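K.L.:
sharing a sequence plus its predicted fold:
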Amino acid sequence: MKNVCRSMMQLFIVLAFAGTSWAQTDVSGRYLAGGGHDVRIQLTIQTPPPAAFIVLQHIPPGVTIVDVSPRPSGFQPGAGTVKWFFRRPAPGTMTLLLRFSHPVALNRLAGEISYRHPGSEALITRSITAY
């Protein structure tokens, strides 16, 4: 009986720590200060990272994209959105750069990040925030 209790306690501890590490998973984004023709989006990938995530950036009406880095997964001129798909991301930060034909105020930008939580497989969508 004593061994059964000990085994149950060990299993509980393992599951508790496993749940805590998955709870930390997050991918967030923020527009860096600046604005104008160049817009930078800083992405922060926490440990453990999801298997993949998507970034969608909506382009304001009347503005065209002159340059994008890194190269997006999906973009068609005039479509109104740019999409990046990142597989097996490393934890840490990365920066996306968009160069527009006209200056764009940060409050006119809207973007989102979507990924599946590695523990629950729930779809999580986060808005990209200013600063």
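P.N.:
Received the coordinates, thanks.

K.L.:
by mean pLDDT, point me to the weakest helix or strand of the chain.
P.N.:
helix 2-23 (a mean of 48; mean pLDDT, DSSP states H and E).

K.L.:
count of residues packed around residue 43?
P.N.:
20 (other C-beta atoms under 10 Å). Heads up, the C-betas are built off the backbone N, CA and C, glycines and all.

K.L.:
next structured bit after the least confident helix or strand of the chain?
P.N.:
Next helix or strand after helix 2-23 toward the C-terminus (DSSP states H and E): strand 27-31.

K.L.:
packing partners for that following strand?
P.N.:
Judged by 3 or more C-beta pairs under 8 Å, 6 or more residues apart in numbering; DSSP states H and E, strand 27-31 is in contact with strand 36-45, strand 110-116, strand 123-127, strand 129-130.

K.L.:
which among those is found nearest to residue 73?
P.N.:
Closest of the helices and strands packed on strand 27-31 to residue 73 is strand 110-116, at 12.8 Å (criterion: C-beta to C-beta).

K.L.:
then the closest one to PDB, C-alphas only?
P.N.:
What follows is strand 110-116, C-alpha atoms only, in PDB (Å, rounded to 0.1, in the frame of the first residue of the first chain):
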ATOM      1  CA  ALA A 110      -4.100  45.300 -37.200                       C
ATOM      2  CA  GLY A 111      -2.500  41.900 -37.100                       C
ATOM      3  CA  GLU A 112      -2.900  38.600 -35.300                       C
ATOM      4  CA  ILE A 113      -1.000  35.500 -34.400                       C
ATOM      5  CA  SER A 114      -2.600  32.000 -34.300                       C
ATOM      6  CA  TYR A 115      -1.300  28.700 -33.100                       C
ATOM      7  CA  ARG A 116      -2.400  25.500 -31.500                       C
END
